[in-house]
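Undergrad: Quick one: sequence plus predicted model below, questions after.
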Amino acid sequence: MPEVYNDYFGQFGGRYVAEVLRTPLDELQAAFVEAMDDSRFSAEFDEMSATFTGRPTPMVHAANSSRELGGAEVFIKLEGLANTGAHKINNAVGQILLAGRMGKTRIIAETGAGQHGVATAAVCAKLGFECTVYMGEVDIARQKPNVFWMELFGAEVRPVASGSRTLKDAVNEALRDWAASYGDTHYLLGSALGPSPYPDMVREFQSVVGRESESQIDRMIIKAGLDLAALVACVGGGSNAIGFFSPFLDRETPRLIGVEAGGTGTGPGQHAARMGGLGRAGIVHGYKSLFLLDADGQVQDTHSVSAGLDYPGIGPQLAALGLSGRVEFNRATDREALQALQFFARNEGLIFALESAHAGAEAIKLAPQLPKTGAIVVNMSGRGDKDLFITAKELDPERWKAFLLAEAGQIPQDRGDGGSRKSRGRRMM
């Protein structure tokens, strides 16, 4: 663990919050720094990672895909095999252990695609915390399976009807809750963004992905005589990317490539790509970074087929790394992500989450451009089970519609309560 944490990464980062949030952020900063210097905390995190999260996750050689693409060999880090189906649980475990150390009994979180919410709810169930998850109404509609799992774990899912009714609005509501309840509540922010110390904290808890990958790369790629050419990860806020890239940031190689949501075009509201000149410097959600802003400085609408990549800003460390040139940024369109999903399913028997499929799309484009002695590692940050209601509608619309209509005809009308129930939190001993 590094000895020094950063309020800023170049010009980005900081803590731009109302006075009421300064006390809980100061408390969190102190607890985080102390925990990172405590071998007992690290041991507790490692133990739970091994026995609950399911670490280490494997790295596989995508041999069939590599043969079909030509050029560099493609390898895939399977974070989708972690408990709850994505990398999000690494950060959830770390922050909830930290919250218990601070004496908190309630956890709140925001979620977009739902994976962070599911991970948070699962760890809360395991460790006995009351759990509330804020989720935009649009995301609730397109991520019903994850809503079901959150509620099954005992979390209360609170719909957010303001603004665009997506992730940025869920963050707003979670911050409001925390400002009024921080005495017994910890806000478990899910990505490497927000006011300090969240960008550092999330990176540290997600860096387990990079450290494992580094060891697996040595065994599977370097010892095989291949040249590690690039690491590729999708980027919304950036938690999976910064964790995956973390051990390599101070090196000149390999190439580090972040893939943003290209959506359906480059016009306002058609994508969620902040890098490459599309984003503007601004302060949103308590930190300074690059955001999709209009001429008046207001946050623009975004679009992506993946609910987890449509956030209008990017984590401050990734923004700084992009401007310095250490991390390259490209885009994958909705269509390219769906094609990548099909490609890896048919060639490797792997179902990428739509977010991760953006990284897969970049690997499909990049591999043929590199020599056969090269290797690309893609972080499959999540599994695609959660996206069934999106991908089936996109890839097999007629049969999916017929199935849903048949199912609807057999199910009684909802009573209106949505089936949601509040968790009965048990204080962690």
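TA: Nice, thanks for sending it over. Since the model is a prediction, treat every value here as computed from it, not as a measurement.

Undergrad: Asp301: how many residues sit nearby?
TA: Neighbourhood size, Asp301 [other Cβ atoms under 10 Å]: 16. Any C-beta I mention is one placed from the backbone N, CA and C, and that applies to glycine too.

Undergrad: The one 4 residues further on now?
TA: One way to gauge burial is a neighbour count; for Val305, by other Cβ under 10 Å, it gives 25.

Undergrad: Show the pLDDT at it.
TA: With respect to pLDDT, Val305 scores 94.

Undergrad: Can you report how many residues lie near the closest residue to it other than its chain neighbours?
TA: Spatial nearest neighbour of Val305, excluding adjacent residues (Cβ to Cβ, 6 or more residues apart in numbering): Asp334 at 4.0 Å. When neighbours are defined as other Cβ under 10 Å, Asp334 has 22 of them.

Undergrad: need the contact list for Asp334.
TA: Contacts here follow Cβ atoms under 8 Å, 6 or more residues apart in numbering; on that basis Asp334 touches Ala261, Gly262, Gly263, Thr264, Ser304, Val305.

Undergrad: Could you measure from it over to His116?
TA: Asp334 sits 22 Å away from His116, going by Cβ to Cβ, to the nearest Å.

Undergrad: circling back to that earlier point, return the subset of the contacts of Asp334 lying in strands.
TA: Those of the contacts of Asp334 mapping onto strands are Ala261, Gly262, Gly263, per DSSP state E.

Undergrad: which one of these has the most neighbours?
TA: Highest neighbour count within the ones in strands among the contacts of Asp334, by other Cβ under 10 Å: Ala261, with 30 neighbours.

Undergrad: what residues are up against that residue?
TA: Going by Cβ under 8 Å, 6+ apart, Ala261 touches 236, 271-273, 302-306, 309-310, 331-332, 334, 358.

Undergrad: which residues does the spatially closest residue to Phe12 that is not a sequence neighbour contact?
TA: Once flanking residues are discounted, Phe12 sits nearest to Pro316: 3.6 Å by Cβ to Cβ, 6+ apart. By Cβ under 8 Å, 6+ apart, the residues touching Pro316 are Tyr8, Phe9, Phe12, Gly13, Gly14, Leu193, Pro199, Tyr287, Lys288, Ser289.

Undergrad: which of the contacts of Asp334 lies closest to Asp296?
TA: Distance to Asp296 across these (Cβ to Cβ) is lowest for Gly263, with 22.1 Å.

Undergrad: and that closest one, what are its bridge partners?
TA: Per DSSP bridges, the residues bridged to Gly263 are Thr333.

Undergrad: residue contacts, it?
TA: Counting by Cβ under 8 Å, 6+ apart, Gly263 has contacts Gln270, His271, Ala272, Ala273, Thr302, His303, Ser304, Val305, Thr333, Asp334.

Undergrad: what do you get if the cut-off is 6 Å, keeping everything else the same?
TA: Residues in contact with Gly263, defined by Cβ atoms under 6 Å, 6 or more residues apart in numbering, are Gln270, His271, His303, Ser304, Asp334.

Undergrad: How about Gly14?
TA: Contacts of Gly14 by Cβ under 6 Å, 6+ apart are Asp7, Tyr8, Tyr287, Lys288.

Undergrad: Quick one: buried ones out of these?
TA: Among the contacts of Gly14, the ones that count as buried by 16 or more other Cβ atoms under 10 Å are Tyr8, Tyr287, Lys288.

Undergrad: Give the closest residue to the first one in space, chain neighbours not counted.
TA: Nearest non-adjacent residue to Tyr8, counting by Cβ to Cβ, 6+ apart: Gly14, 5.8 Å away.

Undergrad: Report pLDDT for that neighbour.
TA: For Gly14, the model assigns a pLDDT of 97.

Undergrad: Can you give me the distance of it to Ala35?
TA: Distance, Gly14 to Ala35, using Cβ to Cβ: 22 Å.

Undergrad: Quick one: mean pLDDT for stretch 63-76?
TA: On average, stretch 63-76 scores 98.

Undergrad: How about stretch 338-351?
TA: 98.

Undergrad: And for stretch 18-38?
TA: Mean predicted confidence for stretch 18-38 is 96.

Undergrad: Please save the CA atoms from it in CSV.
TA: What follows is stretch 18-38, C-alpha atoms only, in CSV (Å, rounded to 0.1, in the frame of the first residue of the first chain):
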residue,chain,number,x,y,z
ALA,A,18,-20.9,21.3,1.6
GLU,A,19,-19.6,22.0,5.1
VAL,A,20,-21.8,19.3,6.5
LEU,A,21,-19.9,16.6,4.7
ARG,A,22,-16.4,17.7,5.7
THR,A,23,-16.7,16.0,9.1
PRO,A,24,-17.6,12.5,7.8
LEU,A,25,-15.0,12.9,5.0
ASP,A,26,-12.2,13.8,7.5
GLU,A,27,-13.3,10.9,9.7
LEU,A,28,-13.2,8.6,6.7
GLN,A,29,-9.8,9.8,5.5
ALA,A,30,-8.3,9.2,9.0
ALA,A,31,-9.8,5.7,9.3
PHE,A,32,-8.7,4.7,5.8
VAL,A,33,-5.1,5.8,6.3
GLU,A,34,-4.9,4.1,9.7
ALA,A,35,-6.4,0.9,8.3
MET,A,36,-4.0,0.7,5.3
ASP,A,37,-1.2,0.8,7.8
ASP,A,38,-2.7,-2.0,9.9
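
Undergrad: buried ones in that stretch?
TA: Residues Leu21, Pro24, Leu25, Leu28, Gln29, Ala31, Phe32, Val33, Ala35, Met36 are the ones in stretch 18-38 that count as buried (16+ other Cβ under 10 Å).
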